[in-house]
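Colleague: Predicted model and sequence follow; I will ask about them next.
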Amino acid sequence: MKNETKSEWEELEKLSKDELIIELVRERTLGRDIKDRIMQDLGEISPKYASNVRFDDDGFAIWGAPTTDEWAEKILLYAKTHCNDCEFDVDNSRDYGLDEVQADETFDKLAKEGKLDWPSDDPRSRRFSGVSGYYADEVAAMTPEERERMIREEQEYKE
């Protein structure tokens, strides 16, 4: 147990001030999210009890909080480098407490600048293949039979 704690401290020690701030907000967001999910399971999620959720005029939940454009970019770029998924998209930024609308707008801006890429199933992706979950280079590496089968399944799924 002692070695695990030391290892975590050594890992955090390597982070810049901005990265530490992003990690702190992420951990706080995840903690509030857990509390809010428990409250929701208990049937008590409402503006009165929700700590990480804002509600619009119609009562729909709005996750996250707005920040400056500079921080939104830092958060998304940091989240991208720490994403365990094979493919990063704007939904991966929710854990970092970023406002949904601002996250979408910032993701699109960074993707247009070439700093991020849209998911493989998005036609705006530089590596769009037409097959969900696979980039063009991955589809190109498939055998012709495998590629035809994947494309056929994708078309059938869309119908």
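Modeller: Thanks, I have the structure now.
Colleague: Okay, helices next: where are they in this structure?
Modeller: Taking DSSP state H as the criterion, the chain carries its helices at 2-13, 17-41, 69-81, 100-112, 136-140, 144-158.
Colleague: what's the third one packed up against?
Modeller: In this structure, helix 69-81 makes packing contacts with helix 17-41, helix 100-112, judged by 3 or more C-beta pairs under 8 Å, 6 or more residues apart in numbering; DSSP states H and E. Glycine gets a C-beta too; all of them are placed from N, C-alpha and C.
Colleague: Could you report the neighbour count for residue 36?
Modeller: Each residue near residue 36 was counted by other C-beta atoms under 10 Å, and the total is 19.
Colleague: Name the residue closest to the centre of the chain, please.
Modeller: Residue closest to the average C-alpha location in the chain (C-alpha atoms, centre = their mean): residue 92, at 1.0 Å.
Colleague: For residue 20, which non-adjacent residue is closest in space?
Modeller: residue 12 (6.9 Å; C-beta to C-beta, 6 or more residues apart in numbering).
Colleague: Find me the pLDDT at the one you found, would you?
Modeller: At residue 12, the model reports a pLDDT of 82.
Colleague: Need the helices of the chain in JSON lines (columns: distance to residue 124).
Modeller: Shown next, in JSON lines, are those (distance: least, C-beta to C-beta, whole Å):
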{"stretch": "helix 2-13", "distance to residue 124": "35"}
{"stretch": "helix 17-41", "distance to residue 124": "26"}
{"stretch": "helix 69-81", "distance to residue 124": "16"}
{"stretch": "helix 100-112", "distance to residue 124": "7"}
{"stretch": "helix 136-140", "distance to residue 124": "13"}
{"stretch": "helix 144-158", "distance to residue 124": "17"}
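Colleague: Residue 130 is nearest to which of the ones you listed?
Modeller: Taking C-beta to C-beta, helix 144-158 is the member of the helices of the chain nearest to residue 130, at 6.5 Å.
Colleague: Residue 110 - how many residues pack around it?
Modeller: Neighbour count for residue 110, taken as other C-beta under 10 Å: 18.
Colleague: So residue 74 sits against residue 25, correct?
Modeller: No: Residue 74 is beyond contact range of residue 25, at 10.9 Å (criterion: C-beta atoms under 8 Å).
Colleague: hmm, back to that, quick one, which of the helices of the chain is nearest to residue 88?
Modeller: Closest among the helices of the chain, once you apply C-beta to C-beta, is helix 69-81, at 4.8 Å.
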